[in-house]
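Trainee: give me a model of this one.
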Amino acid sequence: MNAHSGHNARQRARPQQFRDARAFLDRLPAPQIVVPGNHDVPLHNVAVRFLQPLRRYRRYVTDDLRPYFDDEEMAVLGVNTARSLTIKGGRVNDAQVAWMSDRLRACPPGAVKIIVTHHPFDVPQGDDERNLVGRARMAMGALAGCGVDLFLAGHLHVSRTSHSAARYKINGHSALVVQAGTVASDRGRGEANSFNVVRIDRPQIAVERFEWQAESGEFALVSSERFRHTSDGWVPLQVSGQSP
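Mentor: Reported below is the predicted structural model:
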């Protein structure tokens with residue numbers, strides 16, 4: 001999961017926002033992969049921002065900034081892309097990429113390999129490329145060699161599924177890049193609140209999008225995309241419902 005602390009424009013790493021986030025996470029099933037975002041770094045408290053940028057996140061949410069889970073079906077790595085020096089942006093560094101590569105090479109054979117970040121490895125055509133996670137090309141080159149299948153991210157507040165090969169021309173590698181909307185914020189960027197459910201049954205992956213329906217007061221399935229793994233990477237099989 002990709003967690004945001006707090007709600008709306010005042011979403012700036014305040015204690016009550018983290019307590020609210022903790023209460024929300026406690027209502028969800030385990031195991032969980034939770035990663036921080038740029039709003040988990042204090043904006044106005046400059047000393048804390050640079051000396052202990054994720055102090056409250058680590059206190060209330062999790063002290064694990066490199067969460068990992070695997071079983072026979074999947075291997076999931078969470079990566080911290082939040083940084084003190086940026087207001088919105090994020091990045092990965094050489095040490096993080098080395099850790100991801102080592103972990104992925106040691107994961108169970110045949111497992112679907114998943115990377116979870118707050119900042120995305122892809123953005124819609126025409127979108128500001130500064131929204132990409134910093135050093136994305138360096139990381140993608142290294143991770144392609146490990147056979148990463150799926151990148152999950154948030155940050156943009158819009159839902160989207162794309163293929164890494166459209167942006168990163170790496171021979172023999174095409175991963176799915178799945179962008180989550182926003183489930184509990186009013187920053188919808190023109191979309192209703194939503195969340196994704198990813199269903200894995202290798203060699204197939206289904207990405208389902210659930211959207212808030214004001215009339216019924218509940219989330220409902222509005223689109224489903226299915227992909228199959230081939231020698232050319234993940235190729236689409238079926239799309240139903242509304243397109244994101």
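Trainee: how about the contacts made by the residue nearest to residue 203 when sequence neighbours are not counted?
Mentor: Residue nearest to residue 203 in three dimensions, not counting chain neighbours: residue 229, with 4.1 Å by Cβ to Cβ, 6 or more residues apart in numbering. Yep, even glycine has a C-beta here, placed from its N, CA and C like the rest. For residue 229, the contact set (Cβ atoms under 8 Å, 6 or more residues apart in numbering) comprises 149, 202, 203, 204, 205.
Trainee: give the buried subset of these as a PyMOL selection command.
Mentor: Here is the PyMOL selection string for the buried members of these, based on 16 or more other Cβ atoms under 10 Å:
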select buried, resi 149+205
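Trainee: need the max-distance pair from the contacts of residue 229.
Mentor: Farthest pair in those (Cβ to Cβ) is 149 and 204. Separation: 11.4 Å.
Trainee: now the residue nearest the centre of the chain: closest residue in space that isn't a chain neighbour?
Mentor: By Cα atoms, centre = their mean, the chain has its centre lying nearest to residue 153, at 2.1 Å. Ranked by Cβ to Cβ, 6+ apart and with sequence neighbours excluded, the top spatial neighbour of residue 153 is residue 120, at 3.8 Å.
Trainee: and what of residue 210?
Mentor: Per Cβ to Cβ, 6+ apart, closest to residue 210 is residue 219, 4.2 Å.
Trainee: please report phi then psi for the one you found.
Mentor: Residue 219 has phi and psi values of phi -80, psi 140 when expressed as degrees, to the nearest 10.
Trainee: that one reaches residue 212, doesn't it?
Mentor: Yes: at 5.6 Å, residue 219 and residue 212 qualify as touching, with contact defined as Cβ atoms under 8 Å.
Trainee: so what sits against both of these two?
Mentor: 193, 194.
Trainee: give me the more crowded residue out of these two.
Mentor: Each of residue 219 and residue 212 has its neighbours counted (other Cβ atoms under 10 Å); residue 212 has more, 19 against 16.
Trainee: skipping adjacent residues, who's closest to the more buried one in space?
Mentor: Nearest non-adjacent residue to residue 212, counting by Cβ to Cβ, 6+ apart: residue 193, 4.2 Å away.
Trainee: next, the one you found: phi, psi?
Mentor: phi -60, psi 140.
Trainee: could you list the low-confidence segments of the chain?
Mentor: 1-12, 43-52, 86-87, 187-188, 238-239, 241-244 (pLDDT under 70).
Trainee: show me the strands in it, by range?
Mentor: Using DSSP state E, the strands of the chain run over 68-70, 74-78, 112-116, 150-153, 160-163, 176-179, 194-201, 204-213, 218-230, 233-241.
Trainee: buried residues, the shortest one. List them.
Mentor: So the one you mean is strand 68-70. So strand 68-70, judged by 16+ other Cβ under 10 Å, has buried residues residue 70.
Trainee: could I get the contacts of residue 229 in a markdown table, plus columns for distance to residue 98?
Mentor: Below are these laid out as a markdown table (distance: Cβ to Cβ, whole Å):
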| residue | distance to residue 98 |
| --- | --- |
| 149 | 20 |
| 202 | 26 |
| 203 | 29 |
| 204 | 31 |
| 205 | 27 |
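Trainee: cool, thanks, signing off.
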